[in-house]
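Asks: show me how the following folds:
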Amino acid sequence: MNKIESLSDLFTMVGCDVSYYDLGRNITKITPQQAIQFDRKQQAYPFPFRQHAWLACLLKMKNTKTTAQNTQDQSVIWFIKMPLDEAGCLNLGTRDHFIKSIVDKILHKGEEAGLSEALEDNPYAFKPDQERMASFHAILGKDLHKTQSHYFDDVIAYLSSDLTDANDGWQTLGLQGIAELAARVNEDKYQALIQKAIQHAAKPVVSALCHALEHETLSNQLQDTLIEQLQTEQDALMQASYLRALSRADLNDTLLLPLFGLLGSLTECKDDDLHPIAALAAKCPHWLGQNPQLMRIIMEKLAHREDGYIAFKQIAAELSQHPEAKQPLWTLLRSEHVSPQLAQAVSYIFTQTPKSVQ
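Replies: Numbers count the residues shown, from 1 in each chain. Sure, this is the predicted structure:
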């Protein structure tokens, strides 16, 4: 047996073609070139999230005929979470341990059975949450030219109706249908329905749609609609949802001014404020890296909370792991031109024993 020195070597050994998707901060198709580079440690992993690579590996046996109709049905999907090293590259020791942990299962059970069962009880396997799974299957289905589910038809029927408060048809809608609509956000025949949904649908539908749209590149028109909704929204959870939907937008003045208005005072941070702040840190850290003033407002607000710096530590840890936000964060934390409260929060987190935050 040839020496297995990478994930691609492993899949070649068992006769598989593999396509990679990143499921970390957003769902993103990984190009073959990117896959080769991070797999061979020629480049850092392109989409790090919480110091891991969150991979969905679509595996297809090479001896199976490939058609648009049967690819997804006759494939195996692995969800694996691989640690990254200090440089953001795959940790080769844990990668090799992962490979070793599944080779025997594949070799002893046969290729097809082994592929399906290889991740049972594997410490590197993970299960995406319900929303993430729905979006992944919607994106994969679109990439493979699959027919939409019946849940999609239900969503289209609801959004095509009169969206008044009395219309409770949204209560029976499935997440899968909403995710499939979001995956088609750039198809002309669905754009008007998505605009209508954002402006008039029931809030639970809008929230779920926003969470699915975070994986897509949106038109300027839809971005403007989301920004308008953000500016008038009073509910903190909905504010966070709109931010998630906008997370792939460019940070320009049209977006920046509403963000400053949303964050408000440096010296006050209510519990509700944590929802949009958490959305910015988890989904939009590149914005905070690009605009140090946004970064400062968030960290000042968190430093002024009377919660034992729990939120401050959690957000600082999140931002310190993002390539674009890391250096601006440390520049801010080392600055002499911050409030006494922020200086005290910085001093605290460097002198206390780390604790788990739930």
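Asks: quick one: the helices in the stretch 251-358 of the chain?
Replies: Per DSSP state H, counting those that start in this stretch, the stretch 251-358 of the chain has helices spanning 253-263, 274-283, 285-290, 292-303, 310-320, 323-334, 340-351. These are given in chain order.
Asks: closest to Leu119 out of those helices?
Replies: helix 274-283 (26.0 Å; CB to CB). C-beta here means a position set from N, CA and C on the backbone, and glycine is covered the same way.
Asks: run the chain-centre distance for the closest one.
Replies: Relative to its chain's centre, helix 274-283 lies at 12 Å (CA atoms, centre = their mean, to the nearest Å).
Asks: hang on, the earlier thing: would a markdown table of the helices of the stretch 251-358 of the chain with mean pLDDT, distance to Leu144 and mean neighbour count be doable?
Replies: Shown next, in a markdown table, are the helices of the stretch 251-358 of the chain (pLDDT from 0 to 100; distance: least, CB to CB, whole Å; neighbours: other CB atoms under 10 Å):
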| stretch | mean pLDDT | distance to Leu144 | mean neighbour count |
| --- | --- | --- | --- |
| helix 253-263 | 95 | 33 | 15 |
| helix 274-283 | 97 | 26 | 21 |
| helix 285-290 | 96 | 30 | 22 |
| helix 292-303 | 97 | 39 | 21 |
| helix 310-320 | 94 | 33 | 19 |
| helix 323-334 | 94 | 31 | 16 |
| helix 340-351 | 91 | 46 | 14 |
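Asks: with distance to Pro32 added, can I get those helices in TSV?
Replies: Formatted as TSV, the helices of the stretch 251-358 of the chain follow (distance: least, CB to CB, whole Å):
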stretch	distance to Pro32
helix 253-263	33
helix 274-283	27
helix 285-290	25
helix 292-303	35
helix 310-320	30
helix 323-334	22
helix 340-351	41
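Asks: what ranges does the stretch 1-150 of the chain have for its helices?
Replies: Shown for the stretch 1-150 of the chain, the helices assigned by DSSP H, counting those that start in this stretch span residues 7-13, 32-39, 92-109, 111-117, 130-143, 150-159.
Asks: point out where the protein drops to low pLDDT.
Replies: Scanning the chain for pLDDT under 70 picks out 1-2, 63-73, 107-114, 352-358.
Asks: please redo it, this time with the cut-off set to 80
Replies: For the chain, the stretches with pLDDT under 80 are 1-3, 14, 62-74, 104-116, 352-358.
Asks: now do the strands in the stretch 151-300 of the chain.
Replies: Ranges of strands in the stretch 151-300 of the chain, per DSSP state E, counting those that start in this stretch: none exist.
Asks: between the longest strand along the chain and helix 32-39, how many degrees?
Replies: When the chain is parsed with DSSP state E, its longest strand is strand 52-61. Using axes from the mean of the first three to the mean of the last three CA atoms, to 10 degrees, the inter-axis angle of strand 52-61 relative to helix 32-39 is 120 degrees.
Asks: report all helices and strands that strand 52-61 contacts.
Replies: Secondary-structure packing of strand 52-61 (3 or more CB pairs under 8 Å, 6 or more residues apart in numbering; DSSP states H and E): helix 7-13, strand 16-22, strand 76-83, helix 111-117.
Asks: out of the ones you listed, flag the one nearest Ala212.
Replies: Nearest of the helices and strands packed on strand 52-61 to Ala212, taken as CB to CB: strand 16-22 at 15.0 Å.
Asks: residues in contact with the closest one: which ones?
Replies: 7-8, 11, 27-30, 34-35, 46-47, 53-62, 115, 136, 139-140 (CB atoms under 8 Å, 6 or more residues apart in numbering).
Asks: filter those residues down to just the buried residues.
Replies: 7-8, 11, 27-28, 30, 34-35, 46-47, 53-61, 115, 136, 139-140 (16 or more other CB atoms under 10 Å).
Asks: in CSV: the helices of the stretch 1-150 of the chain, plus distance to Asn186.
Replies: CSV is the format used below for the helices of the stretch 1-150 of the chain (distance: least, CB to CB, whole Å):
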stretch, distance to Asn186
helix 7-13, 31
helix 32-39, 22
helix 92-109, 35
helix 111-117, 33
helix 130-143, 10
helix 150-159, 16
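Asks: of all those, which one is nearest Thr217?
Replies: helix 130-143 (12.3 Å).
Asks: quick one: buried residues of the closest one?
Replies: Applying 16+ other CB under 10 Å to helix 130-143 flags Glu131, Arg132, Met133, Ala134, Ser135, Phe136, His137, Ala138, Ile139, Leu140, Gly141, Asp143 as buried.
Asks: same deal with stretch 209-223?
Replies: By neighbour count on 16+ other CB under 10 Å, the buried set for stretch 209-223 is Leu209, Cys210, His211, Ala212, Leu213, Glu214, His215, Glu216, Leu218, Leu222, Gln223.
Asks: next: stretch 155-170.
Replies: Of the residues in stretch 155-170, Val155, Ile156, Tyr158, Leu159, Leu163, Trp170 count as buried by neighbour count, 16+ other CB under 10 Å.
Asks: excluding chain neighbours, what is closest to the second one?
Replies: Read that as Ile156. Nearest residue to Ile156 in three dimensions, chain neighbours excluded: Leu193, at 6.8 Å (CB to CB, 6 or more residues apart in numbering).
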